[in-house]
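Novice: got a predicted structure plus its sequence, pasted below:
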Amino acid sequence: MPNMNGNEEKLAELILYISARCANDPTFGATKLNKILCFSDFIFYAYNDRGITGVEYQKLPAGPAPRRLVPVRDKLIDERALVLQEIPLKSGRTQKRTVNLRKANLQLFTGDEIAMVDNIIDSLREVDAASTSNMSHEMVGWMVVKDGETIPYSTVYFANPPLTVMEKYRARELKAAKTGHKTTERVGQRLNEATA
């Protein structure tokens with residue numbers, strides 16, 4: 001694939017590969033493609049200290065997505081390697097599915113890289129886009145950056161444990177201070193007693 005750096009070339013080939021593997025998954029669309037790419041890259045990074053593609057991911061409201069996904073996808077469409085199929089859903093929304101027109105060049109990948117992608121695809125088979133998106137919102141990296149900012153791969157090492165009672169109370173205090181509402185002493189007193 002000319003005029004692309006190595007990372008974007010791997011991204012392009014992975015889009016083709018995932019599209020082929022998910023062709024029979026009725027829940028596969030643009031959102032799910034983004035999440036399969038993200039989970040594959042970040043989980044592989046956790047085990048190997050490098051992503052599969054190494055491309056940057058940005059925070060979007062529906063979850064992480066490769067920053068260069070649209071230009072790379074559009075280049076594949078221009079080269080007639082991929083088409084974008086729009087399917088009307090019962091909900092009134094439109095599902096945008098990528099459909100590969102050629103096989104992916106898997107020579108760019110190691111067996112471990114493709115095995116990771118296959119595991120992610122299998123674990124998300126028939127999981128709808130909303131649920132897949134919600135899973136990505138649990139990623140610490142997605143939580144800590146602002147919309148449009150790059151999500152550092154290294155954030156995959158941080159766990160997201162549930163908040164303690166005191167952390168929840170402190171979060172309410174901070175929110176109240178920001179919005180001008182006052183928290184009641186009674187709530188604070190009960191929380192202090194519960195954690196004493």
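Specialist: Sure thing, it's come through.
Novice: C-alpha from now on. contacts and neighbour counts both.
Specialist: Fine.
Novice: might one say that residue 43 is in contact with residue 156?
Specialist: Yes. Using Cα atoms under 8 Å, residue 43 is in contact with residue 156, at 7.3 Å.
Novice: would you map out the domains in the protein?
Specialist: Using automatic domain parsing, the domain parsing of the chain gives 6-157, 165-195.
Novice: quick one: these as TSV, columns for mean pLDDT and mean neighbour count too.
Specialist: What follows is those, written out as TSV (pLDDT from 0 to 100; neighbours: other Cα atoms under 10 Å):
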stretch	mean pLDDT	mean neighbour count
domain 6-157	94	18
domain 165-195	57	12
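Novice: can you map out the helices along the chain?
Specialist: 6-21, 30-48, 69-78, 111-124, 129-136, 140-144, 165-179, 185-195 (DSSP state H).
Novice: which one of those helices lies nearest to residue 104?
Specialist: helix 6-21 (5.0 Å; Cα to Cα).
Novice: about what we covered before: could you dump the helices of the chain to CSV with distance to residue 92?
Specialist: Below are the helices of the chain laid out as CSV (distance: least, Cα to Cα, whole Å):
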stretch, distance to residue 92
helix 6-21, 23
helix 30-48, 16
helix 69-78, 23
helix 111-124, 23
helix 129-136, 15
helix 140-144, 28
helix 165-179, 35
helix 185-195, 43
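Novice: of these, which is nearest residue 100?
Specialist: Using Cα to Cα, the nearest of the helices of the chain to residue 100 is helix 6-21, at 5.3 Å.
Novice: and that closest one, what does it pack onto?
Specialist: Under the contact definition 3 or more Cα pairs under 8 Å, 6 or more residues apart in numbering; DSSP states H and E, helix 6-21 sits against helix 30-48, helix 69-78, strand 94-100, helix 111-124.
Novice: ok, now with 10 Å
Specialist: Counting contacts by 3 or more Cα pairs under 10 Å, 6 or more residues apart in numbering; DSSP states H and E, helix 6-21 is packed against helix 30-48, helix 69-78, strand 82-88, strand 94-100, helix 111-124.
Novice: which one, of those, ends up nearest to residue 22?
Specialist: Nearest to residue 22, of all these, is helix 111-124, at 7.5 Å by Cα to Cα.
Novice: what lies in contact with the closest one?
Specialist: For helix 111-124, contacts defined as Cα atoms under 10 Å, 6 or more residues apart in numbering pick out 14, 17-18, 21-22, 25, 27-28, 32-33, 35-41, 43-44, 48, 51-53, 106, 109, 125, 127, 131-132.
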